[in-house]
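Asks: Give me the fold of what follows.
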Amino acid sequence: MRPTRSAALPALREDRANRAWGLNIVSAAVAVEAKNVSKIFGAGVGEVRALDNVSVTIRQNEFFTLLGPSGCGKTTLLRLIAGFEMPTEGSILLDGEEVAHLPPFKRHVNTVFQNYALFPHMTVAQNVAFGLEMLGKGKAEVQQTVAAMLKLVRMEELKDRRTSQISGGQQQRVALARALAPRPKVLLLDEPLSALDLKLRKEMQIELKRMQLETGITFIFVTHDQEEALTMSDRIAVMSKGNILQVGSPTEIYEHPADRFVADFIGETNFIEAEVTERIGDDGRIKLPSGIQVPHKVTTSAGVGSRVTLAIRPERIDLVKADADAHFTGKVSNIVYFGTDTTFHIDLESGQGVTVRMQNRLGHRDVLQVGDVVGLRVEPEAMQVLRD
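Replies: Coordinates of the predicted model:
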């Protein structure tokens with residue numbers, strides 16, 4: 001049964017209110033699903049397994065990022081969703097329907113490439129209109145949609161200028177407008193910010209998120225830049241060697257990395273070897289290199305007596321006096337000033353080096369000097385026990 005107009009209005013008002021406040025309410029419905037997908041290029045000794053039995057679910061109205069180093073398989077997965085490659089094994093589903101047999105133009109997806117692929121002899125407006133005209137849309141609808149898209153990407157004043165006469169950042173906005181114009185259910189973005197300078201890249205990160213919020217279209221974004229992923233994403237899939245290692249929100253990925261690769265790839269991390277001394281279920285105690293034992297959750301398979309690796313973010317370490325309350329003791333070996341914060345390099349008594357990052361408003365930079373002996377204190381929840 002279709003909802004009545006009066007029944008639909010509260011939900012519509014709520015959605016508009018959420019968007020007005022900048023809240024992205026991700027649907028529980030599935031937009032894209034990869035099931036046990038593998039992709040093999042070549043054969044025999046030259047065989048390359050770009051994807052190895054990958055499964056992932058991407059929701060409607062979600063900004064989802066595939067993050068990883070070059071060669072990890074993220075672009076291959078994007079191309080499988082777009083239809084530019086066929087899976088060797090497994091299924092690709094859009095809105096619950098298998099699409100492996102469909103060519104790209106019959107899938108409700110569009111792609112923004114690294115090089116934008118604009119027509120330099122056409123104006124901005126003509127580039128945006130091109131896809132709509134190829135779909136056979138009427139002139140009035142094309143004009144209305146082009147106007148709306150140019151407003152969305154804030155390019156109305158340059159609509160009559162050729163794309164060869166505008167900047168790289170402006171070209172990227174045109175490419176986005178052209179891709180969004182047909183209202184695809186899913187927009188695929190293959191490292192579209194990589195060619196921009198740092199300042200413009202940061203501006204476009206905010207703009208991309210704004211566009212996704214305003215359109216409600218599912219964005220699947222490919223990048224090797226951790227900051228881009230953390231800044232824009234509702235969820236992130238961290239990939240390595242053709243596998244997805246962890247999927248979660250930016251907070252989950254950063255604060256609770258599943259293994260050493262994820263912890264090391266996302267931000268700066270200290271790795272400390274420790275020993276499990278007690279364990280009942282997930283509750284246990286960890287002995288640090290200093291000999292101090294602290295209570296800690298152990299959600300890995302490590303048993304009593306096992307060596308484990310702790311990941312500790314530099315900003316989660318407090319510098320204190322070198323006394324019995326400190327978890328570690330060490331000597332300041334270097335101090336690096338970054339403006340908003342300062343990084344202290346500490347050589348622990350155990351011989352391991354760690355970094356500590358503190359905001360300059362706290363005044364530690366003026367108090368501590370190279371050669372000073374300091375204590376380091378870490379709250380147990382800031383010590384992440386990594387998966388083997």
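
Asks: Poorly predicted segments of the stretch 201-350 of the chain, please.
Replies: 324 (pLDDT under 70).

Asks: Do a quick rundown of the helices in it.
Replies: For the stretch 201-350 of the chain, the helices defined by DSSP state H, counting those that start in this stretch occupy 226-232, 250-255, 260-265.

Asks: Need the CA coordinates for the second one. PDB is fine.
Replies: Included here for helix 250-255 are C-alpha records, laid out as PDB according to Å, rounded to 0.1, in the frame of the first residue of the first chain:
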ATOM      1  CA  PRO A 250      36.100   6.700  10.700                       C
ATOM      2  CA  THR A 251      36.100   6.700  14.600                       C
ATOM      3  CA  GLU A 252      36.100   2.900  14.700                       C
ATOM      4  CA  ILE A 253      38.800   2.600  12.100                       C
ATOM      5  CA  TYR A 254      41.100   5.100  13.800                       C
ATOM      6  CA  GLU A 255      40.400   4.400  17.500                       C
END
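
Asks: for the residue nearest the centre of the chain, what are its contacts?
Replies: What sits nearest the mean C-alpha location of the chain, by CA atoms, centre = their mean, is residue 229, with 2.7 Å. The contact partners of residue 229, by CB atoms under 8 Å, 6 or more residues apart in numbering, come to 65, 67, 221, 223, 236, 250, 253, 266. Every C-beta, even on glycine, is put in place using the N, C-alpha and C of the backbone.

Asks: And the strands in the stretch 51-200 of the chain?
Replies: Assigned by DSSP state E, counting those that start in this stretch, the stretch 51-200 of the chain shows strands spanning 63-67, 89-94, 97-98, 109-112, 186-190.

Asks: roughly how far is the fourth one from the heart of the chain?
Replies: The gap between where strand 109-112 is centred and where its chain is centred comes out at 18 Å by CA atoms, centre = their mean, to the nearest Å.

Asks: Could you list every helix and strand in contact with that strand?
Replies: helix 74-82, helix 168-180, strand 186-190 (3 or more CB pairs under 8 Å, 6 or more residues apart in numbering; DSSP states H and E).

Asks: could I get those as TSV with distance to residue 217 and mean pLDDT?
Replies: As requested, those are exported to TSV (distance: least, CB to CB, whole Å; pLDDT from 0 to 100):
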stretch	distance to residue 217	mean pLDDT
helix 74-82	14	96
helix 168-180	7	89
strand 186-190	5	94
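
Asks: of the helices of the stretch 201-350 of the chain, which approaches residue 360 most closely?
Replies: Proximity to residue 360 (CB to CB) singles out helix 226-232 among the helices of the stretch 201-350 of the chain, at 20.7 Å.

Asks: Alpha carbons of that closest one, in CSV - could you do that?
Replies: Written as CSV, here are the backbone C-alpha positions of helix 226-232 (Å, rounded to 0.1, in the frame of the first residue of the first chain):
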residue,chain,number,x,y,z
GLN,A,226,43.7,8.5,5.0
GLU,A,227,42.8,12.1,5.7
GLU,A,228,40.3,12.2,2.8
ALA,A,229,38.8,9.0,4.0
LEU,A,230,38.4,10.2,7.6
THR,A,231,37.1,13.6,6.6
MET,A,232,34.3,12.5,4.3
